[in-house]
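Undergrad: got a predicted structure plus its sequence, pasted below:
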Amino acid sequence: MSVICVGTMAFDAIETPFGKIDKIIGGSGTYVAYAASNFVTPIQQISIVGYDFPKEEMDELTKRGVSLDGVEIVKDKKSFFWSGKYHLDMNSRDTLITDLNVLEDFNPVVPDAYQGAEFLMLGNLMPKLQMSVIDQLKERPKLIVMDTMNFWMDIAMDDLKEVLKKVDVLLVNDAEARQLSGELSLVKAAREIMKMGPKFLIIKKGEHGALLFHDNHVFFAPALPLEEVFDPTGAGDTFAGGFIGHLAKTKDISFENMKTAIIVGSAMASFCVEKFGPERLKEITKEDIDARLSEFVQLVNFDIDLV
């Protein structure tokens, strides 16, 4: 059961209240691939990197069942680079540097070997690039999941709304949901966004969990309280990777199974924040994931006698 993942593969420099690292692998595509490959392979990656992206990182992804046929390597340019500093609450951050480098020339091409994939994860990219991937697919995937951000709402809202007509699941945070819909209430915002095309909406709330909307149904998944949050970078992408990985593994895209997928995504994100970059995701085993999922079950499990 193959999953196409479209997103960045990059370098990050990160400073948090817990420490600082000058250069580490990052990018939305990297985090999605590391998370999703725990549940299903192949992950069919579409991205672009420069001459400086380490071969050992490519080899690590390949070893995990990630196909890199759709990753363009530009021999005379550097990879995308982002630098940011997180505030004390770890929910807000300042972007210090954004060097697009190869991303300026990114024109995603879907290899022939990727045609027929049943699941498509569109990472946070320019809406026109997301649409070009959808247009290149000869068969519509069973499920298209899309991530986006306020930046594209500011500069490319019309393009974004065209892509929304084509996707099944949209991932945004609460501020983005309000901006996209023009509604302050998240329930009303969800209703307006689902009129734009997506059948399902996930509103990510960071350390406060995530909401899943479908028709008139709402499901809330908490985030696991952790002793230490080292680095929240990539947590949202890791959540998306766990979410789509579970759905692809189970081949079930019902609302009921999406509830489970949200818990799986939250569990994967809880690993991601424990170390800088994707380092923790490289270490975890199936046993670790099962144990973490059990913690989530205990977190929300209770009995009640209705009066």
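TA: Perfect, I can see it now. Numbering: from 1, shown residues only.
Undergrad: quick one, strands of this protein?
TA: 3-6, 10-16, 19-26, 43-50, 66-74, 81-86, 93-99, 119-122, 143-147, 169-173, 200-204, 210-214, 217-221 (DSSP state E).
Undergrad: mind checking which of those strands is nearest residue 283?
TA: Residue 283 lies closest to strand 19-26 among the strands of the chain, at 14.2 Å (C-beta to C-beta). Bear in mind the C-beta positions are built from the backbone N, C-alpha and C, glycine included.
Undergrad: can you name every helix or strand that the top helix by length along the chain contacts?
TA: As assigned by DSSP state H, the longest helix anywhere in the chain is helix 255-272. Helices and strands touching helix 255-272, by 3 or more C-beta pairs under 8 Å, 6 or more residues apart in numbering; DSSP states H and E, are helix 28-36, strand 200-204, strand 210-214, strand 217-221, helix 235-250, helix 279-283, helix 286-300.
Undergrad: avg pLDDT for it?
TA: Taken as a whole, helix 255-272 has an average pLDDT of 97.
Undergrad: how about it: buried residues?
TA: If you call a residue buried by 16 or more other C-beta atoms under 10 Å, then helix 255-272 has these buried ones: 258-272.
Undergrad: against residue 108, how distant is the residue sitting nearest the centre point of the chain?
TA: Centroid-nearest residue in the chain, with C-alpha atoms, centre = their mean: residue 237, separated by 2.5 Å. For residue 237, the distance to residue 108 (C-beta to C-beta, to the nearest Å) stands at 17 Å.
Undergrad: now for residue 259: which residues touch it?
TA: By C-beta atoms under 8 Å, 6 or more residues apart in numbering, the contact list for residue 259 reads 212, 219, 221.
Undergrad: what does residue 64 give?
TA: 33, 34, 37, 41, 43.
Undergrad: ok, of these, which come out buried?
TA: 33, 34, 37, 41, 43.
Undergrad: the strands of the chain: which one's closest to residue 253?
TA: Closest among these, using C-beta to C-beta: strand 143-147, at 5.0 Å.
Undergrad: other SSEs contacting the closest one?
TA: strand 119-122, strand 169-173, helix 235-250.
Undergrad: I'd like the ones you listed as a markdown table, with distance to residue 287 and mean pLDDT appended.
TA: Below are the helices and strands packed on strand 143-147 laid out as a markdown table (distance: least, C-beta to C-beta, whole Å; pLDDT from 0 to 100):
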| stretch | distance to residue 287 | mean pLDDT |
| --- | --- | --- |
| strand 119-122 | 25 | 98 |
| strand 169-173 | 28 | 97 |
| helix 235-250 | 16 | 97 |
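Undergrad: now, of those, which is deepest in the fold?
TA: For these, the largest average neighbour count (mean count of other C-beta atoms under 10 Å) is found in strand 119-122, namely a mean of 29.
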